[in-house]
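> Only the shape, not the letters, is given here:
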């Protein structure tokens, strides 16, 4: 009785010490040390053994290892070092506290071991990632122990095989499990399912799952998660439905997995049903489930729903805040992402590296440099600036904000660069079209043996496309092949874009054909390539191919296709695309609206162009520019200027292109005062006049017959006049018949752009109009000597759904003989009524 009271006293005393979190081990050991008799009665030994077991199971918060080691020492002093029960408790405690070395020393000194001993040791190693050691202990068990392993040992060994990725070892363990008769054990079966799932063998995992008679929530979670991670989310949802049908209540892990499946499939209705199921259960929603729901709604584009859920959740952790910030960022709600980040910091919930990286992306997208600097300051304060994601996010943010100096400074001070940091810096240079700097960094990347990724090549292709450097683009293409990088949709789209811009449309089409899995971005890249190179018929043929594929055209597809119709002046095709646009529900998209306005205008259908313009409520500056330019090109200056005034009243800020249209309208109408007024007002809108604007003013003076003022204006330009400016003056001289000024303007234009035929043709027309045929001949000889050729005129007409193209002096048409016969007959008839052709605007030999 006295001994029992003594044990009770020790236990109570240790509880008090643990609560105070200040252990006095000498006091604790004193009652144990005063009697170390080697020959105590068995009942007292059992009492002492229970006493040690109780002391080892007391929860300790501070200095727990020191406490356990002290008890361990007393266990040895009292002669219980060979007691398997106490040794197993100590093994568990050492493992739990990460003291693997102490646990192994204890294991090696044990003279007797049971299944719990072996199970604890194998489990310890597998749980802490020492998988080879776990397998070694298991092998030692098989050699030295006569007993069969239990389910816990087998499950731990299978977990070690899973973490090692050892397919052969895992398969051997499967065979061993069958041999030992544990194939129906749910614990072992679940471990095998996990092994096969994580090695991508979902068919094997499913066979095991179906063969298990008993299944736990962990079993269901394992198989469902396996299907989600292997990209077969629809199967995971089917399994979830089966789970519900058999009245098996899913836990938070299952719910998280199936919601992830809905996110991957963007299966909004399915996710909503799971959300409703969680609410119907009437239990308090776990924060992990609410976080996955937030992620689900954000990935399905339902950002406002996600925010409502976020505000409804009472208990939020750092993952909740980060998930909402990431959701805003991924859906381009960048301002909201920055605002939520600031609120998170203000409420004392310290943002982690992921939250900082996401909000830095938003800052870069908005080019919000000051906000980005504030986030940078926070990362320094929170000691996050050394996080790899944060470092790369900072480089990306500074680069996107145009602060390449800051981006490069931060890049240079980084101690440990990686492929992502190089890519962020190269992409920054490429975005600013700093090709040389991007190539220098790429060269350094290769010297330091960093393997370039697909994003590296895509960034370099973007820079080479902007610079129209074909040879460099081909070299990058060769490197992509050399490095064995798979030509995915991003690299494929970039290559199509660069070859198209460099006028190698056939190479672009070869790349297009090479891509097996084409998404709509790849198709669109090819569409825009054809329209950029005016291969409009090919663009229309490509649209027919798209309809036969499984891809669905989007607003960019229609913008390119309508542009092709516009370039062909094919009203019929344009109207067909307009019908498709309405049917697909993208008739409100600004890109599509702008293309439709331009198409109707170029096809001469001004009424339809105006109707399309007025039918949309979301008119951006490009839409207004299309309408202003349309009126200007059709000589309807009043309507163009009225449209400009209405644009200003609606609060739309004009841009560079707007004033090109306005000045062109003034030029066509001969409104010198209006034109000069609008030209001078550009500075008030923060727009620096460019070559096109100066050319319009010269044309304005020229059409008004003020040639001297036009010349004086050119000579006082703050920038060097381009050839097109002098050609504007030259064109005015042709109308006015001013030979001397025309000759001077032509010489200036030719000196700037000696291979453009326009200047020669205009000057030749002036000479011809004055009967100066000797000068016309000399000019023709000069053209031939300089290798300048006049592009022959061309025209086309659509008849019975066929486009017939005609080029000057061309007889390639199948009906050429009949066509020329009809033309000759018409010429005879019009000459008969007194028509005399005007040949003053022809070059010799035309």
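Great, that's in hand. For clarity, every value in this text was computed on a predicted model and none was experimentally measured.

> what ranges of the stretch 1-150 of the chain fall below the confidence cut-off?
Applying pLDDT under 70 to the stretch 1-150 of the chain flags residues 1-40, 44, 61-63.

> Try it again at 50.
Residues of the stretch 1-150 of the chain meeting the criterion pLDDT under 50: 1-37.

> where does the stretch 501-650 of the chain dip in pLDDT?
In the stretch 501-650 of the chain, no residues with pLDDT under 50.

> from what I can see residue 701 touches residue 709, true?
Yes: counting by C-beta atoms under 8 Å, residue 701 touches residue 709, with 4.8 Å between them. Just so you know, the C-beta spots here come from the backbone N, C-alpha and C atoms, and that holds for glycine as well.

> When those two are compared, which one has more neighbours?
Of the pair residue 701 and residue 709, residue 701 is the one with more neighbours under other C-beta atoms under 10 Å, namely 24 against 16.

> Report the separation between that one and residue 675.
Distance of residue 701 to residue 675, computed by C-beta to C-beta, to the nearest Å: 9 Å.

> ok, now residue 563?
From residue 563 to residue 675 the distance is 29 Å (C-beta to C-beta).

> same check, this time on residue 124
Applying C-beta to C-beta to residue 124 and residue 675 gives a distance of 86 Å.

> ok, which stretches of this protein are strands?
Secondary structure of the chain by DSSP state E: the strands cover 794-799, 802-807.

> So which of these is the most surrounded?
strand 802-807 (a mean of 13; mean count of other C-beta atoms under 10 Å).

> Residues contacting that strand, please?
With contact meaning C-beta atoms under 8 Å, 6 or more residues apart in numbering, strand 802-807 is reached by 537, 568, 570, 792, 793, 794, 795, 796, 797, 798, 813.

> burial measure for residue 812, as a count.
8.

> Repeat that for the one 3 residues further on.
The burial metric for residue 815, expressed as a neighbour count using other C-beta under 10 Å, is 10.

> Contacts for stretch 292-307, please.
Contacts of stretch 292-307 (C-beta under 8 Å, 6+ apart): 255-256, 259-260, 262-263, 266-268, 271, 275, 278, 309-310, 320, 323-324, 326-328, 330-331, 333, 336.

> Mind checking the pLDDT average for it?
Averaged across stretch 292-307, pLDDT comes to 91.

> What residues of that stretch count as buried?
292-300, 302-303, 305-307 (16 or more other C-beta atoms under 10 Å).

> ok, now which ones touch residue 337?
325, 328, 329, 358, 359, 362.

> Format those residues as TSV; extra columns: distance to residue 207 and neighbour count.
TSV is the format used below for those (distance: C-beta to C-beta, whole Å; neighbours: other C-beta atoms under 10 Å):
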residue	distance to residue 207	neighbour count
325	42	28
328	43	25
329	41	25
358	41	25
359	46	33
362	46	28
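
> Now intersect these with the helices, please.
325, 328, 329, 358, 359, 362 (DSSP state H).

> Kindly indicate which of these lies nearest residue 157.
The shortest approach to residue 157 among the ones in helices among the contacts of residue 337 belongs to residue 358, at 40.0 Å (C-beta to C-beta).

> List the residues that contact the closest one.
Counted by C-beta under 8 Å, 6+ apart, residue 358 has contacts 322, 325, 326, 329, 337.

> Would you mind giving these as a markdown table with distance to residue 759 added?
What follows is the contacts of residue 358, written out as a markdown table (distance: C-beta to C-beta, whole Å):
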| residue | distance to residue 759 |
| --- | --- |
| 322 | 62 |
| 325 | 58 |
| 326 | 57 |
| 329 | 52 |
| 337 | 54 |
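
> and which of these is nearest residue 437?
So of the contacts of residue 358, ranked by how close each gets to residue 437 (C-beta to C-beta), first place is residue 329, at 27.6 Å.

> Report the central residue of this structure.
The centroid of the chain falls nearest to residue 330 when counting by C-alpha atoms, centre = their mean (8.7 Å).

> any idea how far residue 263 is from that one?
11 Å.

> How about residue 380?
On the measure of C-beta to C-beta, residue 380 and residue 263 end up 34 Å apart.

> For these two, indicate the residue with more neighbours.
residue 263 (21 against 10).

> Show the contacting residues for the more buried one.
271, 295, 296, 299, 300.

> How about residue 571?
By C-beta under 8 Å, 6+ apart, residue 571 lies in contact with 565, 599, 600, 603, 604, 605.

> try 6 Å this time
Residues in contact with residue 571 (C-beta atoms under 6 Å, 6 or more residues apart in numbering) are residue 603.

> Could you do residue 745 as well?
Contacts of residue 745 by C-beta under 6 Å, 6+ apart are 726, 729, 730.

> Buried only: go through those residues for me.
726, 729, 730.

> pLDDT wise, what is the second one at?
For residue 729, the pLDDT comes out at 90.

> Show me where the stretch 301-450 of the chain has its helices.
Along the stretch 301-450 of the chain, counting by DSSP state H, counting those that start in this stretch, helices occupy 303-312, 318-330, 334-346, 353-366, 369-381, 388-400, 404-413, 419-431, 435-447.

> Tell me which of these lies nearest to residue 628.
With C-beta to C-beta as the measure, helix 353-366 is the member of the helices of the stretch 301-450 of the chain nearest residue 628 (28.7 Å).

> Check the average confidence over that closest one, would you?
Rounded mean pLDDT across helix 353-366 is 92.

> Check the gap between residue 737 and residue 767 for me.
11 Å.

> ditto for residue 793
20 Å.

> Same check on residue 808?
Counting by C-beta to C-beta, the gap from residue 808 to residue 767 is 21 Å.

> who has more neighbours, these two?
A count of neighbours by other C-beta under 10 Å puts residue 767 above the other of residue 808 and residue 767, at 21 against 11.

> Show me which positions of stretch 279-294 end up buried.
Buried, per 16+ other C-beta under 10 Å, within stretch 279-294: 285, 286, 287, 289, 290, 291, 292, 293, 294.

> and those residues, which of them are in helices?
Those of those mapping onto helices are 287, 289, 290, 291, 292, 293, 294, per DSSP H.

> for residue 157, what are its contacts?
138, 173.

> what do you get if the cut-off is 10 Å, keeping everything else the same?
Contact analysis of residue 157 by C-beta atoms under 10 Å, 6 or more residues apart in numbering lists 122-123, 125-126, 131, 134-135, 137-139, 141, 149, 169-170, 173, 176-177, 188, 191.

> Just the buried residues out of those, in ChimeraX syntax.
To isolate the buried ones among these in ChimeraX, judged by 16+ other C-beta under 10 Å, type:
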select :122,123,125,126,131,134,135,137,138,141,149,169,170,173,176,177,188,191
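
> From the contacts of residue 157, which land in helices?
122-123, 125-126, 131, 134-135, 137-139, 141, 169-170, 173, 176-177, 188, 191.

> And the closest residue to residue 535 other than its chain neighbours, how far from residue 457?
For residue 535, ignoring the flanking residues on the chain, the nearest one in space by C-beta to C-beta, 6 or more residues apart in numbering is residue 505 at 5.9 Å. Residue 505 is 21 Å from residue 457, where distance means C-beta to C-beta.

> So between these two, which is more surrounded?
For residue 505 versus residue 457, neighbours defined as other C-beta under 10 Å are more numerous around residue 457 (24 against 20).

> can you pull the contacts of the nearest residue to the more buried one once chain neighbours are set aside?
Nearest residue to residue 457, sequence neighbours excluded (C-beta to C-beta, 6+ apart): residue 480, at 5.2 Å. The contact partners of residue 480, taken as C-beta under 10 Å, 6+ apart, are 452, 454, 456-458, 460-461, 486-487, 491-492, 494-495.
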